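# Show me how the following folds:
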Amino acid sequence: QVQLVESGGGLVQAGGSLSLSCAASGHTFSVYGMGWFRQAPGKEREFVAFINWSGSSTYYADSVKGRFTISRDNAKNAVYLQMNSLKPEDTAVYYCAAGFGIKNDYRLSYQYQFWGQGTQVTVSS
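Numbering: from 1, shown residues only. Sure thing, here's the model as predicted:
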């Protein structure tokens with residue numbers, strides 16, 4: 001089992017920045033690929049970013065590419081999402097997720113075994 005707790009959400013004006021953190025506990029964190037997903041009201045949960053177990057590979061949704069950066073610190077059992085140039089359409093609950101053995105299908109939420117409770121990000125126009 002892996003327990004995930006997100007933090008860092010809040011209210012920010014368009015064009016601003018926020019940094020999300022996800023703290024992991026339980027099973028060995030470093031073996032898991034980590035993803036960030038988000039869900040806006042009335043919409044399905046969507047992929048945002050992924051980082052592999054070592055941090056050597058990262059992938060982003062087209063909607064956030066160039067604005068968001070995912071990173072991880074295996075010594076601290078944590079994964080981060082730096083969000084810059086935020087837009088109102090980035091408003092959502094953001095979730096971190098851990099998946100073992102993820103390779104090319106990192107966009108698919110069912111590939112992840114463990115999820116956090118989510119943190120709200122609201123971007124005002």
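# Every contact and neighbour count from this point should use C-alpha atoms.
Will do.
# hey, what's Met83 bridged with?
Leu18, Phe68 (DSSP bridges).
# Relative to Ser125, how far out is the spatially closest residue to Phe47 that is not a sequence neighbour?
Once flanking residues are discounted, Phe47 sits nearest to Phe37: 4.5 Å by CA to CA, 6 or more residues apart in numbering. To Ser125, Phe37 is 22 Å away according to CA to CA, to the nearest Å.
# For those two, indicate the residue with more neighbours.
A side-by-side neighbour count of Phe37 and Ser125, using other CA atoms under 10 Å, places Phe37 first with 22 against 11.
# for the more buried one, helix, strand, or coil?
Counting by DSSP: H, G, I helix; E, B strand; the rest coil, the backbone at Phe37 sits in strand.
# right, and it touches Asp90 too?
No. Using CA atoms under 8 Å, Phe37 is not in contact with Asp90; the gap is 11.3 Å.
# any idea how far the residue nearest the centre of the chain lies from Val64?
Ranked by distance to the mean C-alpha position of the chain (CA atoms, centre = their mean), the top residue is Trp36 at 2.1 Å. Distance, Trp36 to Val64, by CA to CA: 11 Å.
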